[in-house]
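J.: output the structure for:
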Amino acid sequence: MALKYIIQEMKDGMESFSRNSFEIKLYRGRSQSSVRDEIVQRAAATEKDEEEQHVNWSNMLPELLTEMIQRVEESEGAWPGRKNVVSCASVCKSWRDITKEIVKAPDQSGKLTFPSSLKQPGARDPPMQCFIKRRKETSTYYLYLGLTPTFMENGKFLLAARRFRHPTSTEYIISLDADDLSQGSNAYVGKLSSDFLGTKFTIYDSQPPHNGARLSSNRAGRRVASKQVSPRVPAGSYIVGHVAYKFNLLGSRGPRRMQCLLHSVQFSTMEHKGKVSTCKEVSDSTIDKSISTLNGEGSSKVSESCDIPVGNCAPIILKNKAPRWHEQLQCWCLNFHGRVTVASVKNFQLVAAIDPSQPGAQVDQDAVLLQFGKVGKDMFTMDYRYPLSAFQAFAICLTSFGTKLACE
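T.: Take a look at the predicted model:
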């Protein structure tokens with residue numbers, strides 16, 4: 001039997017069970033007790049059928065199940081076909097465990113499959129090509145995975161964010177649900193908080209980035225409406241990064257200058273050509289100085305916001321790639337390789353920063369880890385690569401929206 005027929009049979013079986021559980025007919029003249037008994041009997045029969053069907057699927061030979069899921073994984077290399085891979089993981093625990101073993105992380109496969117992939121490092125080369133749609137009337141932003149290199153009208157939805165203005169700050173709530181952008185939602189994955197001027201940002205993650213991570217102690221990092229959240233979800237936020245835009249007090253002509261410090265970037269043990277500044281190459285004094293500069297506070301904040309190093313997680317310092325002045329066009333230019341078509345002060349490229357205290361550190365400053373640029377009135381491209389994740393890249397790009405008079 002072909003794989004697509006097996007998957008279709010599995011879906012039809014689930015749908016039939018769902019329909020049977022609600023198809024209770026009430027006839028005139030019957031007592032409430034008889035109706036109640038019929039409901040109980042039909043519910044018990046449905047539950048028995050579901051258990052039998054569950055046993056049939058879960059009792060498949062592991063070798064046969066592994067081969068079948070491997071074929072589905074190999075045949076469905078892109079969305080929307082990859083929904084069949086997700087369907088395999090939704091059958092039962094044995095199917096889910098085997099699917100998780102077969103489906104590789106984005107940095108190895110170059111594919112985004114499960115929601116957990118959004119917080120894992122992206123592909124090494126080529127980069128993950130995404131785009132962001134902005135809706136000014138609702139202050140919302142939607143991140144999509146591009147299905148084709150050039151066509152951006154349709155894509156696989158990944159994340160959504162909504163801007164909330166407060167008297168002294170601005171927050172962007174990031175969610176897996178495009179229709180539920182509240183911090184108390186189960187779809188909440190993190191947030192971005194800025195200062196009054198909109199030049200310093202803090203990135204919060206809803207989940208601990210590594211074992212031993214500590215909750216944010218400041219008020220901005222607390223979660224609201226925690227009663228709506230499952231007890232398994234931490235009732236707080238974890239600081240995972242800072243982004244700062246440098247002031248332009250003299251009003252000199254030029255693009256924005258930004259610096260980014262991500263505290264807990266997941267690094268793979270696999271060998272790769274490009275190297276970036278990690279905790280093994282960035283000195284403690286440089287990290288202290290960076291956090292002090294970004295926070296506008298002393299280095300004592302390091303112990304609260306950055307635990308280094310932990311396992312395969314390490315901090316990374318990024319800066320915007322300096323553009324060059326084009327004499328003929330009379331403007332600042334960066335090579336976006338055709339992915340950006342509209343000139344905007346929001347456009348940027350991020351590369352690894354060099355640590356002055358480590359002259360021998362190997363850092364590839366030509367490797368663009370994240371680029372963001374405008375292609376239409378409310379359309380922007382976002383391309384990211386290893387070791388950044390989609391969540392981290394999206395949060396950094398959100399900082400570029402909004403007017404920054406002190407930086408331009």
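J.: quick one: low-confidence parts of the stretch 1-150 of the chain?
T.: Across the stretch 1-150 of the chain, the ranges flagged by pLDDT under 70 are 1-57.
J.: the helices in it, which residues?
T.: Listed in chain order, the helices of the stretch 1-150 of the chain (DSSP state H, counting those that start in this stretch) span 3-20, 32-58, 62-75, 83-89, 93-102, 106-109.
J.: convert the third one to CSV, retaining C-alpha atoms only.
T.: What follows is helix 62-75 as a C-alpha-only set of coordinates in CSV (Å, rounded to 0.1, in the frame of the first residue of the first chain):
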residue,chain,number,x,y,z
PRO,A,62,9.4,-0.8,14.6
GLU,A,63,11.4,-1.7,11.5
LEU,A,64,8.4,-1.2,9.2
LEU,A,65,7.4,2.0,11.0
THR,A,66,10.9,3.4,10.8
GLU,A,67,11.1,2.6,7.0
MET,A,68,7.7,4.1,6.3
ILE,A,69,8.4,7.4,8.2
GLN,A,70,11.8,7.7,6.6
ARG,A,71,10.2,7.5,3.2
VAL,A,72,7.7,10.2,4.2
GLU,A,73,10.5,12.4,5.4
GLU,A,74,12.5,11.9,2.2
SER,A,75,9.5,12.5,-0.1
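J.: that one - contacts with which helices or strands?
T.: Packed against helix 62-75 by the contact rule (3 or more C-beta pairs under 8 Å, 6 or more residues apart in numbering; DSSP states H and E) you find helix 3-20, helix 83-89, helix 93-102. The way it works is simple: take the backbone N, C-alpha and C, and place the C-beta from them, glycine included.
J.: now for residue 333: which residues touch it?
T.: The neighbours of residue 333, taking C-beta atoms under 8 Å, 6 or more residues apart in numbering as the test, are 323, 324, 325, 326.
J.: typo on my end, it should be residue 395
T.: Residues near residue 395 by C-beta under 8 Å, 6+ apart: 172, 174, 190, 192, 203, 241.
J.: what helix or strand does it sit in?
T.: Assigned by DSSP states H and E, residue 395 belongs to helix 390-398.
J.: in that helix, what's buried?
T.: Residues of helix 390-398 classed as buried by neighbour count (16 or more other C-beta atoms under 10 Å): 390, 391, 392, 393, 394, 395, 396, 397, 398.
J.: just checking, the first one touches residue 132?
T.: No: using C-beta atoms under 8 Å, residue 390 is not in contact with residue 132; the gap is 11.3 Å.
J.: shared neighbours, the two?
T.: Shared contacts of residue 390 and residue 132, counting by C-beta under 8 Å, 6+ apart, come down to residue 143.
J.: can you give me the strands in the stretch 151-300 of the chain?
T.: For the stretch 151-300 of the chain, the strands identified by DSSP state E, counting those that start in this stretch occupy 155-165, 170-175, 188-194, 200-205, 238-245, 258-266, in order along the chain.
J.: now tabulate these in JSON lines and tack on mean pLDDT.
T.: Converted to JSON lines, these look like this (pLDDT from 0 to 100):
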{"stretch": "strand 155-165", "mean pLDDT": "93"}
{"stretch": "strand 170-175", "mean pLDDT": "94"}
{"stretch": "strand 188-194", "mean pLDDT": "93"}
{"stretch": "strand 200-205", "mean pLDDT": "93"}
{"stretch": "strand 238-245", "mean pLDDT": "91"}
{"stretch": "strand 258-266", "mean pLDDT": "83"}
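J.: send over stretch 368-381 as CSV, restricted to the C-alpha atoms.
T.: Output for stretch 368-381, consisting of C-alpha atoms alone and laid out as CSV, is shown next (Å, rounded to 0.1, in the frame of the first residue of the first chain):
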residue,chain,number,x,y,z
VAL,A,368,26.3,37.5,7.1
LEU,A,369,24.3,35.7,9.8
LEU,A,370,21.2,37.8,9.5
GLN,A,371,20.0,40.2,6.9
PHE,A,372,16.8,42.2,6.9
GLY,A,373,15.4,44.5,4.2
LYS,A,374,12.5,46.1,2.6
VAL,A,375,10.9,44.9,-0.7
GLY,A,376,7.5,46.6,-0.6
LYS,A,377,5.3,48.9,1.4
ASP,A,378,4.7,46.5,4.2
MET,A,379,6.8,43.6,3.0
PHE,A,380,10.3,42.7,4.3
THR,A,381,12.7,39.8,3.8
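J.: what's in contact with that stretch?
T.: Contacts to stretch 368-381, defined as C-beta under 8 Å, 6+ apart, come from residues 127, 129-136, 146, 152, 276, 318, 321, 336, 339-344, 346-352, 382-388, 393, 396-397, 400.
J.: quick check on the residues you listed: which are buried?
T.: Burial by neighbour count, judged by 16+ other C-beta under 10 Å, picks out 127, 129-134, 146, 152, 276, 318, 321, 336, 339-340, 346-352, 382-388, 393, 396-397, 400 from those.
J.: any idea how many residues pack against residue 158?
T.: Using other C-beta atoms under 10 Å as the criterion, residue 158 is surrounded by 21 other residues.
J.: doesn't residue 143 make contact with it?
T.: Yes: distance between residue 158 and residue 143: 4.6 Å, which falls inside the contact criterion (C-beta under 8 Å).
J.: hey, what's in contact with both of those two?
T.: With C-beta under 8 Å, 6+ apart, residue 158 and residue 143 have common neighbours 130, 390, 394.
J.: in TSV: these, plus distance to residue 113.
T.: Shown next, in TSV, are the shared contacts of residue 158 and residue 143 (distance: C-beta to C-beta, whole Å):
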residue	distance to residue 113
130	15
390	12
394	18
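J.: quick one: which of those residues is nearest residue 101?
T.: For these, the closest approach to residue 101 (C-beta to C-beta) belongs to residue 390, at 22.3 Å.
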